[in-house]
Structures are given as C-alpha cells and as structure tokens.
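**Student:** build the 3D model from these lines:
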Amino acid sequence: MDIFSQKVVVGDGAMGTRLQALVGTSQACIDGLNVDPSFREIVALVHRSYIEAGADLLFTNTYGANVFKLSRHGRDHQVHEINLEGARLARRCAGDKLVGGSVGPLEIFSARDDYSEEQQEEIFCQQMAALVEGGVDFLVLETFQDLAEARLALKAARQYDKPVWLSVGGVQNGRTGTGADVREFAGLGADMLGANCRGPFDVLETLQILAGVTSLPLFARPNAGSPEIDRGRVVYNVDSTQFGQYAARLVAAGATMVGGCCGTDPSHIAQVAESLRLLKPPPPRRVSEVRVYTHSQPAPLPEAPPNAIAEVFAKVRLVVSVELRPGRTTPLQDFLNSGRYLAQRGVHLFDIPDNAGAKVTVDPVISASALQAATGIPTLVHLSTSHRNLIATQSYLLGAWQAGIQGVLAVTGDHPNVGDHDKYASRVNDVKSSVNLMGLIAMLNEGRLFNDTPCFRTNFCVGGGFNPVRGLTAQVKWLQRKLEAGAQFVYTQPVYREEDVDRMLEVTADCKVPILVGIMPLVSRRNAEFFASGKIPGVIIPEEILNSYDPHEPARDSQRRGVDMASALMDKIRHKVRGFYLLPPFGRDHHTVVGELIASLGSLKAGG
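**Tutor:** Reported below is the predicted structural model:
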C-alpha cells in the first residue's frame, strides 16, 4: 500500500445510513442489498459516488454480514453469497483503488456464554473467507468496542494473507461503550489502528490518545455529528464544510487516512478530499515517542447498607411474600390499605410486579416505595428485561435503590402481544434475559455500570423465577444459570399439586437458596379457565383442578373452594419448603383471600 507514503489517503463515507436514505427504510437488510437484483445497483451507485468525490479506497457493504446479524432478517444461509458479492461489487467500482473488506462485531454480549471462542472465530472466518475470495486488498474490523471480541476477530483475520485494520468504535472520553480503555486495543496486533462511529470531536480526541501509545499508522472515520431524532427519523447535522475542517485536524493528530462513518455522504468526502489535497502524510511515530500507560485503580466506594430482604431470608424459616398490584383505575391509597391489612396478618415481604401480563400499571418502584413506607414491610420489585433499554434499566435500578428498594426479582417479562397494547408496544432486547439482568445488577452492587463507569454501590438482593410444572429438565438447567449469575432466592410459578412440589424439591435438592412456592387460589370456574387457556404465560392449571370447579355453583362457594384447596396444599408442604409466594386472584378486595391463606398458616411471627 505505497499510497500511504505518498499522500494522506481519503476514505469513503457511510454505507449503512446512505443506503437507508436511498432505499427509503431503516428496516431493510442493508448487507443483503448486495445480492438483491432490485437494489444491487444502488450499492454500486454509492460506491461510485464516493470514488467520484475523491475517495482513494472503498469499504465493502458487509459490515453486518455475519450469521448472527443476517439471521435477524432470515438470511443467515447467505453469509458467503452476500460477502462474496459485496467484495466483487466494491472491486468493480473501485477500479485501481483499494478495497477493504468490512467486518463488524458479532455484538452477542448477552449470549456470548452460549458460544465458544472457537465458534465465534469460525463465524468471523465464514465472512472473511468470502471477502478474500471476492478480491479485497485488506480486511477492516469496524466499530469494535469489546476487547475480547476484537482479539478473536484479529485471530481469525490472521489466517488470511491480508493486512488487517482495526477501528475502535463508540469511544468517548477514552472508553468504548463496553467500558474498555481504547489504549488497550493498540496491543492486539493490527496493522493499522483507527477510530470511528462518533462525532468529529470524539474521534479527534480518541486519535490523540492512540497516538500517544502506539507507533501504528492511524486512520479516522467520524460520523457527521451525533444522531438526532427529527420527526421519527434519525439524522446527522454536521455539514460537509464543518466536517472537512476537522479532516486537517485529524491528520495533525496522526491520521494517515480520513473518511466518514454514519451520516456522511459524497459531499462530506469531497470536502475531506479538498482539505487534504495539499497535506503531506504525517511522519511515522517512533516507538520512543510513545508513552507507556498503566491501569489506574479507582478509589474504593463506600459499602452499601445491610439488606433487609436478605435478612428476612436468613432469619425466617417459613417466609411469606405477597404480590400486590396497584390498580390503574383506583387511588394508590386503596393499594396501600390492602398492604396494611396484610401486614397486620404477619406477611414478611411484599413484591410488586412489573407490568404483569403486559398491562399498564402504576410504576412498580413508586408503588413499592410507598407500600414499604406505609407498612414497614420490606418490599421488592419485579423487573422485566423486555420493557426498557440498557440505559433506562440501569437508571431505573439506581433510582429504585435511592427510593429504598433493596430487592429485585429479575424476570424476562411478558411479550407485549399478551396484553391490551398488542402490536402498538415493542419488546426491547438490550438486556436479553433474566440471567443477563442479574449480571447487570451484580455490577451495580460493585459500583459499576455496564460499561464499567463508576456509580454509587447498591446492595440489591436479587432473585429469579422458576416454573416447576413445565419442562422441568430445561427449567432446572436455566435455574442453574440463574444461581451462577447470583440469584439469592427463587419464586416459582403457581403450583396446585403436592406431587409437583415433591418433584421440584427432588430436582432442586442441591439448591442452596430459598425457594418460595407460588400459591394462587382460583376463585371461580371462569377464573380457572382463564389461566388454563394459556392466557398468562407460565401459569398451568392441572385438568383435575379445573374440573373440580362447577360453572353453575355460587361465586361465594367457588371462592371458598379455591381458598380451601390452596390452604390444604400449603398445610401439606409447609414443612418441606422455605416459604410461599402468594398471588391474590384478580379482582377488587381479593387481598382478603390472601389474608385467609395467611391465617390458615397460624402465627408467622416465629417464621412458621
């Protein structure tokens, strides 16, 4: 690549955002356009427009063309075809210019434990082999933020006789979105090192940091500013003139190549070419000019206060936790009065669900904080992974701790289609499972956010769910994952038969944390049929329980039947289990039903 000794090289601009603008949607499989007869020419048009604007090289339209990302569009069987055609398209458009084979990260942080390093490396190789076959001059690992993943990708790339560029993405104040120090990427073994996918200011700062720790050639591909949401569309508002002015500053910081990332178009690249036209490439930096850096240890954080919920589990032999749901059409005072009623009957814990059944409710942290203050009973919240993105989830947890909430039941949550908002609400997948949520809470308990940014230390007592009446073998395996992630207690789905409890106790004999058995009395035939129909995921009603309800009997008799069956089951198993998780049946004043169940246990002051 002699061109780098002759001039400052002009890179191309964005592919993804540019193609989205031309195709007219952000939902399309952008990499798949390489093999779509209707859109392939648009990809070529973008490539040619950058060459015409003055670019000396092109990156292929294959950033997300790995099996994981393509599977989201049902195109995981086209990995080889999409990458091969992406390389060939760029090669034809580039002429005698350079072509870099673009390889993006797998971005499987939450599912990484499901795949060995060898499997992840092989996934990178699938993509890289096709790019090399298609005629790329070098491989460029774009927008990597995770050190372990970058290391695996570089190991895979070294199997091919091509130079390897590594571009670190999303760096702000010297750290990536995963918390990695950008300086650590300098020692991974790339041939060129760069920064991309932040605005010009951040990329310039990142390049200055990298220039201080490595003698590798550097390159820069900033976004056209930060993304903004304008009437539902994501836009970038740094114009080409301002962008071009930053190009010279990037070269002064050590860049031998300057291009563009998200939001840039041919006008930005034309301005870069004009700004760099008379500049000479920066001289190579000698190793002696590179500063050595060491990891600094943050000051220790103060210890969080003791956890009242953990103390209940430690001191009480038979724990009773009651789920209460604040109504969305009734005053919060009614909810608090229900709590006071149950508190007087000896309940040890309250727990508040998080949009159970995908229904809108009063915020669980607000409700839990008010209930705890009104009753003096430690109150935990359920927290669903599917309702909030990663930022909101962490903010919510920090707010919960400041509001006095010390316990979290980590759940995946119900799909929006279960509830009354159907297609109008979306599932959020930043935190993909309850196990991942437990890992996130463990970091907060150490005083760290997801990306290792410091925060005040929490001391949440975290638990998980368990369904002992469906797919028990798979459930036990998933329970083990939760225990390994730090679960300190377990609440089960409702159980209606002693034999199901016995089977659960047998397969969980090695479990060292308290398991509270779910008890939800059924108060009518219609109530039983509602749950038996699968209306609420995870709740299973045995046929003999359903058939024990007469659809014609008076409502009071049906309710009595439900309370008696639940009380009888509790009496049979109370000496086998560590506690009960009581769920009031739906409806007004049904907390009194739970009051009857608590009364059937006798005095709870000594823990049963």
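
**Student:** use CA for all of it now, contacts and neighbours both
**Tutor:** Will do.

**Student:** quick one: terminal-to-terminal distance for stretch 70-87?
**Tutor:** 17 Å (Cα to Cα, to the nearest Å).

**Student:** how about that stretch: buried residues?
**Tutor:** Going by neighbour count (16 or more other Cα atoms under 10 Å), the buried part of stretch 70-87 is 70, 75-76, 78-87.

**Student:** list the contacts of Phe39.
**Tutor:** Taking Cα atoms under 8 Å, 6 or more residues apart in numbering, we find Phe39 in contact with Leu33.

**Student:** now do the one 10 residues further on
**Tutor:** If you count contacts by Cα under 8 Å, 6+ apart, Ser49 has them with Pro266.

**Student:** in stretch 517-534, what counts as buried?
**Tutor:** Buried residues in stretch 517-534 (16+ other Cα under 10 Å): 517-525, 527-529, 531-532.

**Student:** only C-alpha atoms, please: export it in PDB.
**Tutor:** C-alpha atoms of stretch 517-534 as PDB (Å, rounded to 0.1, in the frame of the first residue of the first chain):
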ATOM      1  CA  VAL A 517     -43.600 -21.900  46.200                       C
ATOM      2  CA  GLY A 518     -46.200 -19.900  44.200                       C
ATOM      3  CA  ILE A 519     -49.800 -20.200  45.500                       C
ATOM      4  CA  MET A 520     -52.600 -18.500  43.600                       C
ATOM      5  CA  PRO A 521     -56.100 -19.600  44.600                       C
ATOM      6  CA  LEU A 522     -58.600 -19.900  41.800                       C
ATOM      7  CA  VAL A 523     -61.900 -18.300  42.800                       C
ATOM      8  CA  SER A 524     -64.300 -19.500  40.000                       C
ATOM      9  CA  ARG A 525     -64.600 -21.800  37.100                       C
ATOM     10  CA  ARG A 526     -64.100 -18.900  34.700                       C
ATOM     11  CA  ASN A 527     -61.000 -17.800  36.600                       C
ATOM     12  CA  ALA A 528     -59.600 -21.300  36.300                       C
ATOM     13  CA  GLU A 529     -60.500 -21.500  32.600                       C
ATOM     14  CA  PHE A 530     -58.800 -18.100  32.000                       C
ATOM     15  CA  PHE A 531     -55.500 -19.400  33.300                       C
ATOM     16  CA  ALA A 532     -55.900 -22.900  31.800                       C
ATOM     17  CA  SER A 533     -56.300 -21.400  28.300                       C
ATOM     18  CA  GLY A 534     -52.700 -20.100  28.400                       C
END
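
**Student:** what's the closest non-adjacent residue to Val360?
**Tutor:** Spatial nearest neighbour of Val360, excluding adjacent residues (Cα to Cα, 6 or more residues apart in numbering): Arg328 at 7.5 Å.

**Student:** just checking, which of the buried residues of stretch 70-87 belong to strands?
**Tutor:** Among the buried residues of stretch 70-87, no member is found in strands (DSSP state E).

**Student:** Thr473: which element?
**Tutor:** helix 472-484 (DSSP states H and E).

**Student:** which outside residues touch that helix?
**Tutor:** 434-435, 438, 464-468, 504, 507-508.

**Student:** hmm, try it at 6 Å
**Tutor:** Val435 (Cα atoms under 6 Å, 6 or more residues apart in numbering).

**Student:** buried residues in it?
**Tutor:** 475-476, 478-479, 482-483.

**Student:** CA atoms of it as CSV?
**Tutor:** C-alpha atoms of helix 472-484 as CSV (Å, rounded to 0.1, in the frame of the first residue of the first chain):
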residue,chain,number,x,y,z
LEU,A,472,-38.7,-29.5,34.3
THR,A,473,-35.3,-30.6,32.9
ALA,A,474,-34.9,-27.4,30.9
GLN,A,475,-36.2,-25.3,33.8
VAL,A,476,-33.6,-26.8,36.2
LYS,A,477,-30.8,-26.0,33.7
TRP,A,478,-32.0,-22.4,33.4
LEU,A,479,-32.3,-22.2,37.2
GLN,A,480,-28.7,-23.3,37.5
ARG,A,481,-27.7,-20.4,35.2
LYS,A,482,-29.6,-18.0,37.5
LEU,A,483,-27.9,-19.4,40.5
GLU,A,484,-24.5,-19.0,38.9
